[in-house]
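1. build me a structure from this.
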Amino acid sequence: KMRFKLCGDLDAPEWLLREITVLAKMPNLRIKVLTGMVIKHILGQTIDFAKVAKMTSAVELDTSEVKALIAALTFIVSNSAKYNVEDDVIRNELQQFGLPKEHCDSIAKSFGGAKDVLQEHFTEQTFVLPKLVSIDWKVNYILRNDKGEVNSPSVQLNIGYSDDNKEEKRAFELDQDKFNVLLGELKQARAVMENI
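-> Predicted coordinates for the structure are as follows:
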């Protein structure tokens, strides 16, 4: 089996190889325009499928083939950005898939112009944590509960965070042992992060 950087150093998926034959039927200029539309779609814009259908009407593709064509271009562009594939490698590997050289050049050139923006977009979308807004704590020490038992101290934590522009709060209480474990793990995490 061959390994392709475009596929994360794995073999090319069968569905992609089938769609390459459909891509090869398209005129080169339309491939360039479609690649530009796919790049914009990855960055958050919607695809005008009526316009795509009009562009692909000369090749007489049905709706499912048009969607598969868009999926193939999306796979090529997004994987090229994710795996930091260079333009010349894209050209070479797409030719190995059976795509004509002119099509490969158009896709690689369109991708090359948007590579940095796409990589930044994927970086922003990867592992997004909620933003810590506030933290408040207090120590409670109850000498006797209603059963007459003497208790140890407990820590009550109130954490406020913002996720998708929506602020939420969480409160929880820890006994002394659990608090010591949490504190130790937070210190370890901080030490690891300082070493990065």
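2. any chance you could map the strands in the chain?
-> 131-140, 154-163, 166-175 (DSSP state E).
3. closest one to residue 2 among the ones you listed?
-> strand 154-163 (42.5 Å; CB to CB). For the C-beta atoms, the positions are set from N, CA and C on the backbone; glycine is no exception.
4. the closest one pairs with which strands?
-> strand 131-140 (antiparallel), strand 166-175 (antiparallel) (DSSP bridges).
5. show me what counts as buried in the last one.
-> By that I understand strand 166-175. Buried residues in strand 166-175, counted by 16 or more other CB atoms under 10 Å: residue 174.
6. about what we covered before: including distance to residue 72 and mean pLDDT, could the strands of the chain go into a markdown table?
-> As requested, the strands of the chain are exported to a markdown table (distance: least, CB to CB, whole Å; pLDDT from 0 to 100):
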| stretch | distance to residue 72 | mean pLDDT |
| --- | --- | --- |
| strand 131-140 | 37 | 89 |
| strand 154-163 | 34 | 88 |
| strand 166-175 | 36 | 88 |
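7. dump those to a markdown table, plus distance to residue 26.
-> Below are the strands of the chain laid out as a markdown table (distance: least, CB to CB, whole Å):
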| stretch | distance to residue 26 |
| --- | --- |
| strand 131-140 | 44 |
| strand 154-163 | 42 |
| strand 166-175 | 43 |
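8. for residue 35, find the nearest of those strands.
-> Across those, residue 35 has its closest neighbour in strand 154-163 (33.9 Å, CB to CB).
9. list the buried ones in the closest one?
-> Residues 154, 155, 159, 160, 161 are the ones in strand 154-163 that count as buried (16+ other CB under 10 Å).
10. likewise for stretch 2-12?
-> Buried, per 16+ other CB under 10 Å, within stretch 2-12: 4, 5, 6, 7, 12.
11. contact partners of the worst-scoring helix or strand of the chain on mean pLDDT?
-> The helix or strand of the chain with the poorest confidence is helix 49-55; it has a mean of 82 (mean pLDDT, DSSP states H and E). Outside of helix 49-55, the residues within contact range by CB atoms under 8 Å, 6 or more residues apart in numbering are 30, 33, 34, 37, 63, 66, 67, 70.
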